[in-house]
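In: coords please:
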Amino acid sequence: MQLGSTVTLTYTGKLDDGTVFGYATAEKPMKFQTGMDMAIDGFEAAVLEMTEVGEKKTFTISEYEAYGEYLDDYTARIPMEQIPVRDLEPGKRVWLSSSEDGSSMPATVIEIDKEQGEVVFDLNHPLAGKALTFEVEILEIEDAPENFVSAQEKTEHLKQQSKLLGADQADSYR
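Out: Below is the predicted model:
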């Protein structure tokens with residue numbers, strides 16, 4: 001399969017202990033264009049090695065090819081009065097919004113510290129620090145468009161254009 005192909009597939013994702021963390025069925029398959037950062041790196045690399053419709057493959061990817069290592073100190077302590085949700089409990093997943101830029105990110109409640117009046121959130125992805133095993137079957141492969149540009153190539157092109165337009169010197173003009 002070549003970079004830029006659109007692939008439709010089924011998969012079952014499992015942890016080392018056999019727990020299923022995700023799946024896509026023939027009725028609701030996963031479909032993505034390779035090279036566009038639409039799938040985790042290790043998963044996409046293994047799928048790119050597959051070449052035929054109907055091909056099946058089982059592979060395991062390390063934490064570094066998936067969601068990265070688990071960082072013990074990647075937490076946030078937020079005062080309870082700043083949290084609009086009141087039905088929090090350890091283990092619950094919520095979306096936290098940044099007051100700086102309005103972006104939001106998922107987090108898991110790990111502690112409610114009533115003495116300090118704070119909630120402690122884990123900002124790691126729930127699958128961080130874990131090797132992931134996938135059982136995949138290719139259902140369809142569509143060839144890459146003739147003028148395909150990968151997300152990585154696009155990013156590099158934009159960086160180069162930015163340098164040509166003097167954007168890398170922006171601090172000097174402040």
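
In: now the helices for this structure?
Out: With DSSP state H as the criterion, the chain has helices at 41-48, 151-164.

In: out of those, which comes closest to Gly129?
Out: helix 41-48 (14.2 Å; CB to CB). Heads up, the C-betas are built off the backbone N, CA and C, glycines and all.

In: list the residues that contact Ser5.
Out: Ser5 is in contact with 33-34, 141-144, counting by CB atoms under 8 Å, 6 or more residues apart in numbering.

In: hang on, the earlier thing: want to throw the helices of the chain into JSON lines with mean pLDDT?
Out: Compiled in JSON lines, the helices of the chain are given as follows (pLDDT from 0 to 100):
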{"stretch": "helix 41-48", "mean pLDDT": "94"}
{"stretch": "helix 151-164", "mean pLDDT": "71"}
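
In: tell me how far the ends of stretch 84-93 are from each other?
Out: 14 Å (CA to CA, to the nearest Å).

In: kindly apply the preceding question to stretch 13-23 instead.
Out: Per CA to CA, the first residue of stretch 13-23 is 6 Å away from its last.

In: now do it: distance to the chain's middle.
Out: In terms of CA atoms, centre = their mean, to the nearest Å, the centre of stretch 13-23 is found 16 Å from the chain centre.

In: brilliant, that's me finished.
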